[in-house]
Structures are given as C-alpha cells and as structure tokens.
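Chemist: sequence and predicted structure are below.
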Amino acid sequence: MNMWYSKNNPDFEMKNSKTIIHSFTFRGHQGLTINPYQGCQHRCGYCYATYEWSPEFYDKIYAKSNAAEILENQLVSWKSKTMEPVMISSATDPYQPAEMRYGLTRKCVEVLQKYAVPYYVFTKSASISRDLELHKRYKDNCFVVWSITTCNEKIRRLIEPGTPSTYSLFATISKFVDAGVQCGINIDPILPLITDSEEEIDLIIHSCNRSGVKYVFGALLRLRADIWERMRIILKLLGLNNGIEDYKKKIYEFTEPLKPRHNIVANENYSRKLLQNLEEKVLEKGMFFDFPDFIENKRITASKKDHTASYMNQQQPTLMNYM
C-alpha cells in the first residue's frame, strides 16, 4: 500500500522517455494523453493513479526531461489524418510543485499550441496561474478543469495534504474565467460520509458559482484494493467509527479482500440520489451540469513543413468521455 500522508518532501529524479503522447481507452472511449511527470506531490489519499507499477508514487517524482522534444517529434511524424484533443495529464497533476522547478508542462503546452492541437488540462493546483497568459492566448482551443473535493480545510489537509487551500484554488479559477479561458470544475471524487453532506456540497456549489465558471460536474469515489486501505485509515482518523462497516455493507456492498485492480462503484440508489441532488443545485445556480463537447470542431490545413500541424479534429471524444 502507498502511504499517502507524510510531511516529508519527495525525491526528484530526471529521466528520459521514449514516447510522451499515449493513447488510452476508458469505458469504451479512446483518447490521447501526456504525463510530463510520474508520481505526484499532492498526496491525495483517494488517488486512482497509485497502481503497483509506481510503488513510490507519493515519495519519488520523475521529471521526464525530454518531454517537449519527444512530443514535438511525435507530432511531426503523426501518421493519422485526425487527432483527438490531448489530456494533460491522466496519471499525475501537471501543475504539481515539481512543475515550478522543471517547467515541463509549460514546454509541452507550447508544443501543442505550436502544432494547433487542442488540449484539456486537469489539475488541483493554483500554480497554474503562472501560465495564465499562455493558456489565454489559446483560449478557443483549450479547456482547464480543476478537481475540487472539499471546502473544509480540516478535511482537505488530511485527505490531500499536498494541495493548496480551496480558497486559493477558487481565486485562481476566477482569474482564468475573467481572462476568457474555458473553465470547468469537477467535484471528484465525492467521498461518502466525508464530503457528501448537504453542507459540503452547498459550499462547493456556492464557490463554483461565485468564481464564474459555467460548467460543473461530479462523480463518486470508486474503490480499489489500495484505495480502500487508505480510505480505511482516513475514516478512522476522522472519527467515523462506523464508516468502514457502512462502506462495506451499505454504500459499496463488498466483502474483503478486494481483488487487485478491480474497481467498485457505490450502489445505484445512493449514487443516483446524490448526483441528482448535485445536478439540481448546479442548475439552480444557472450553471451546466456537464462539460461542453470541446472547442469547436476545426479543420486545420496549414502545412507541417512550416511547423504547423495538418490535423482534422473529427469524431473527437468529448470532455465527458475523459471523466
């Protein structure tokens, strides 16, 4: 099990990658993603990226030093006539503290812009504000999504101790909205018994509305063997003495041990009621409980010879396909 909670700083190490842009399939949808880093300093206890292939996920951050060069090489040699939007990132936060040291995400974004490739940024960071002008100049062809779990600082410091305060996140989000960048908030994951109360949800929705974002969505925590081991500790530390049994018998309905690499979702009644309530609150504030289908579909016909891509964004997945 990866132990998420620690006050120690991770070790950093540079590495070279042979490829940086990868395809992925999730729930029948295909897409593209880049991960300039391996591992993440945000130390979220519920993190889905902590597979056995990365046992030091929280404690050792690998910076892919040649990420931008490899990305450009891959785009220049791209054989298909179509290219889906690129997700930055699928298995780490592209604007975690390591980005302030290495700047690899910024370099990759500059390459994507150079080749007219649309992209999504997924982050929990306020330090993305450093690149506000970079994303602003590409605002019609990018979308920035912040993952928000709670406005309760006591809970945040326990479940995701490496993240910035929610106050600073919403201040950053407001700057991007004011700059005209397309923005969304994903309330994900919603943690049963921890962040699923009316009070918790109302605080987040109020902050979303005040920040000016138009698009809000949410999803419930999915359990996996390693995630469950961390969630057991979190429930105990928060004094939810019956939480473990409620997760097992009422909410997720499972018996231990969990199968490795097997995901469990909350029971349908609980999920439907919570998400319907969330949707109603979002709509009441005049926001969309959805994300746009992505940027307008565009046919880009400039020549690769002048270092501009010749991609046609057809049949591209929507942002919801990535969630």
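Modeler: Here it is on my side, so go on. Numbering: from 1, shown residues only.
Chemist: please, where are all the strands along the stretch 201-323 of the chain?
Modeler: Secondary structure of the stretch 201-323 of the chain, counting by DSSP state E, counting those that start in this stretch: strands at 215-220.
Chemist: show me where pLDDT drops low in it?
Modeler: The model of the stretch 201-323 of the chain has pLDDT under 70 over residues 293-323.
Chemist: if we go to 50?
Modeler: Filtered on pLDDT under 50, the stretch 201-323 of the chain yields the residue ranges 295-317, 320, 322-323.
Chemist: list the contacts of R156.
Modeler: For R156, the contacting residues are T149, T150, T163, S165, T166, by CB atoms under 8 Å, 6 or more residues apart in numbering. Backbone N, C-alpha and C define where each C-beta goes, glycine included.
Chemist: nearest to Q113 among those?
Modeler: Lowest distance from Q113 to the contacts of R156 (CB to CB) belongs to T163, with 26.9 Å.
Chemist: and for that closest one, the neighbour number?
Modeler: Using other CB atoms under 10 Å, T163 has 24 other residues around it.
Chemist: and the pLDDT at it?
Modeler: In this model, T163 is scored at 96, pLDDT.
Chemist: let me know the secondary structure of it.
Modeler: With DSSP: H, G, I helix; E, B strand; the rest coil as the basis, T163 sits in coil.
Chemist: quick check, it in contact with C47.
Modeler: No - in this structure, T163 is not within contact of C47 by CB atoms under 8 Å, at 11.2 Å.
Chemist: check which residues of stretch 271-279 are buried.
Modeler: Within stretch 271-279, the residues scored as buried using 16 or more other CB atoms under 10 Å are S271, L274, L275, L278, E279.
Chemist: count the neighbours of the nearest residue to the last one once chain neighbours are set aside for me.
Modeler: Distance criterion CB to CB, 6 or more residues apart in numbering; nearest residue to E279, sequence neighbours excluded, is F289 at 4.3 Å. A count of neighbours around F289, defined by other CB under 10 Å, yields 16.
Chemist: again with T172
Modeler: For T172, using other CB under 10 Å, the count is 23.
Chemist: contact partners for it?
Modeler: Taking CB under 8 Å, 6+ apart, one finds A126, I128, S129, W146 in contact with T172.
Chemist: ok, now which ones touch the third one?
Modeler: The neighbours of S129, taking CB under 8 Å, 6+ apart as the test, are T172, K175, F176.
Chemist: in terms of helices and strands, where is the second one?
Modeler: So the one you mean is K175. Using DSSP states H and E, K175 falls within helix 166-178.
Chemist: assess the claim that G39 and P55 are in contact.
Modeler: No - counting by CB under 8 Å, P55 is not a contact partner of G39; they are 10.1 Å apart.
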